[in-house]
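Novice: Build me a model:
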Amino acid sequence: MMRQKIPVIAAKARNFFLFFFLINSVTLFIFIHYSANPSNVTRGQQSRLSVMDTFFISHGSPTLSIDESLPARGFLQAWQAKVFSQRPNSILVISAHWDTDFPSVNVVQRNDTIHDFYGFPKQMYDLKYPAPGAPELAKRVKDLLKASGIKHVNEDRKRGLDHGAWVPLMLMYPEADIPVCQLSVQMHHTGTYHYNIGKALAPLKEEGVLIIGSGSATHNLRALQFESSSISSWALEFDNWLKDALLEGSYEDVNHYEQKAPHAKKAHPWPEHIYPLHVAMGAAGANAKAELIHSSWHYGALSYSSYRFKTSR
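Specialist: Just a heads-up that it's a prediction; the model follows:
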């Protein structure tokens, strides 16, 4: 009897270890497959990976791309080390330098570098930021905006990145290896309109998309003081008002900054440089906490104040 049981027990043990080996091999294959191919991660799985905060960056003068003396340049160069260490799957930039009648996204495989400035040093026109395009993100943005009630969302299949996008990104992510999509502003609309655009885009935060509004906290090029080291009082008052309103969570006041803020029309003769702030603010959510992450000045009236909107988890 014992001689008959031993081969049976041995066979069962062998089968058990074979089954255990197969299960672990399959598990290891799945892990390697999905680690090497992040595109295989579903949108539901992405939402469990990370929830991104949103940001407003004051990009100031195009000379930010080369001027080592600007404190804002060092701030952006330290972005990954000191500000935001998470690596996004892709980046959506709302730039003040793309104004259209209807919301538009660029749908390209590779972004060209648009040098949309004049009379600057030649070396600035030699700079390139060949980041991959993000056509799938562009489609997602379009779908979200249309689902929110915006009837017309255009696709631009030729446009690359203007300097409101590539100058800060060149400093923040110099490898240019993260897919980037750009979204336009509509200067003839309001802050509330752009805030609602941001609200419509909020789901992107749970899909590993970094939303950046790129503009300027103050932007009156005719009031710049090239030889002055002091800050214009009107610019400082507006900048302080904006900071206080954001840090206090008075987002409705910011949506109506034209009526609420001191020197609003002088700080922003045209609104295209503040509207990216409204989009970033709206995408973060009504309960998001604003944080001032950088403050400096250039030419006495150009504020580089930049903000992080910490999304409630």
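Novice: immediately after the worst-scoring helix or strand of the chain on mean pLDDT, which helix or strand?
Specialist: Here the helix or strand of the chain ranked lowest by mean pLDDT, DSSP states H and E is helix 43-49, holding a mean of 41. Later in the chain than helix 43-49, the nearest helix or strand by DSSP states H and E is strand 54-58.
Novice: List the contacts of that next one.
Specialist: For strand 54-58, contacts defined as Cβ atoms under 8 Å, 6 or more residues apart in numbering pick out 72, 76, 84, 168, 198, 205, 210-217, 276-277, 280-281, 283-284, 288, 293-294, 303-309, 311. All C-beta atoms are positioned from the backbone trio N, CA, C, and that covers glycine.
Novice: So what are the sheet partners of it and their directions?
Specialist: Note on strand 54-58: by DSSP bridges, its sheet partners are strand 209-215 (parallel), strand 306-310 (antiparallel).
Novice: Now that we're looking at His219, what pLDDT does it have?
Specialist: Among the per-residue scores, His219 holds a pLDDT of 97.
Novice: just Ile197 next, same as before
Specialist: 98.
Novice: Show the contacting residues for it.
Specialist: Ile197 neighbours (Cβ under 8 Å, 6+ apart): Pro103, Leu145, Ser148, Ile150, His278, Val279, Gly282.
Novice: ok, and it, which helix or strand is that part of?
Specialist: Per DSSP H and E: Ile197 is located in helix 191-201.
Novice: can you give me how far that helix is from the chain middle?
Specialist: With Cα atoms, centre = their mean, to the nearest Å as the basis, helix 191-201 stands 15 Å off its chain's centre.
Novice: Report the buried residues of it.
Specialist: Neighbour counts over helix 191-201 (16 or more other Cβ atoms under 10 Å) mark Gly191, Tyr193, His194, Tyr195, Asn196, Ile197, Gly198, Lys199, Ala200, Leu201 as buried.
Novice: got it, and stretch 243-261?
Specialist: Neighbour counts over stretch 243-261 (16+ other Cβ under 10 Å) mark Lys243, Ala245, Leu246, Tyr251, Asp253, Val254, Asn255, Tyr257, Ala261 as buried.
Novice: can you check stretch 59-68 too?
Specialist: In stretch 59-68, counting by 16+ other Cβ under 10 Å, buried: His59, Gly60, Ser61, Pro62, Thr63, Leu64, Ser65.
Novice: before we move on, back to that, in the buried residues of stretch 243-261, find the pair that's most separated.
Specialist: Lys243 and Asn255 (16.0 Å; Cβ to Cβ).
Novice: Looking at this structure, which strand is longest?
Specialist: strand 90-99 (DSSP state E).
Novice: Within the sheet, what are the partner strands of that strand, with directions?
Specialist: Going by DSSP bridges, the partners of strand 90-99 are strand 180-185 (parallel), strand 209-215 (parallel).
Novice: pLDDT (mean, whole number) over it?
Specialist: Strand 90-99 shows a mean pLDDT of 98.
Novice: now the angle from the helix holding Ile197 to strand 54-58?
Specialist: Counting by axes from the mean of the first three to the mean of the last three Cα atoms, to 10 degrees, helix 191-201 lies at 140 degrees to strand 54-58.
Novice: how about the nearest residue to Ala176, chain neighbours excluded?
Specialist: Nearest non-adjacent residue to Ala176, counting by Cβ to Cβ, 6 or more residues apart in numbering: Ala131, 4.5 Å away.
Novice: Tell me how far the one you found lies from Ser232.
Specialist: 35 Å (Cβ to Cβ, to the nearest Å).
Novice: quick one: which of the two has more around it?
Specialist: Ala131 (27 against 22; other Cβ atoms under 10 Å).
Novice: Just list the residues touching the more buried one, thanks.
Specialist: Counting by Cβ under 8 Å, 6+ apart, Ala131 makes contact with Arg110, Asn111, Leu161, Trp166, Leu169, Tyr173, Ala176, Asp177, Ile178, Pro179, Val180.
Novice: farthest-separated two in these?
Specialist: Arg110 and Tyr173 (15.4 Å).
Novice: Mind checking which of these two has more residues around it?
Specialist: Comparing Arg110 with Tyr173 by other Cβ under 10 Å, the one with more neighbours is Tyr173, at 20 against 10.
Novice: Help me confirm that that one comes into contact with Gln80.
Specialist: Yes. Assessed by Cβ atoms under 8 Å, Tyr173 is found in contact with Gln80 at 7.4 Å.
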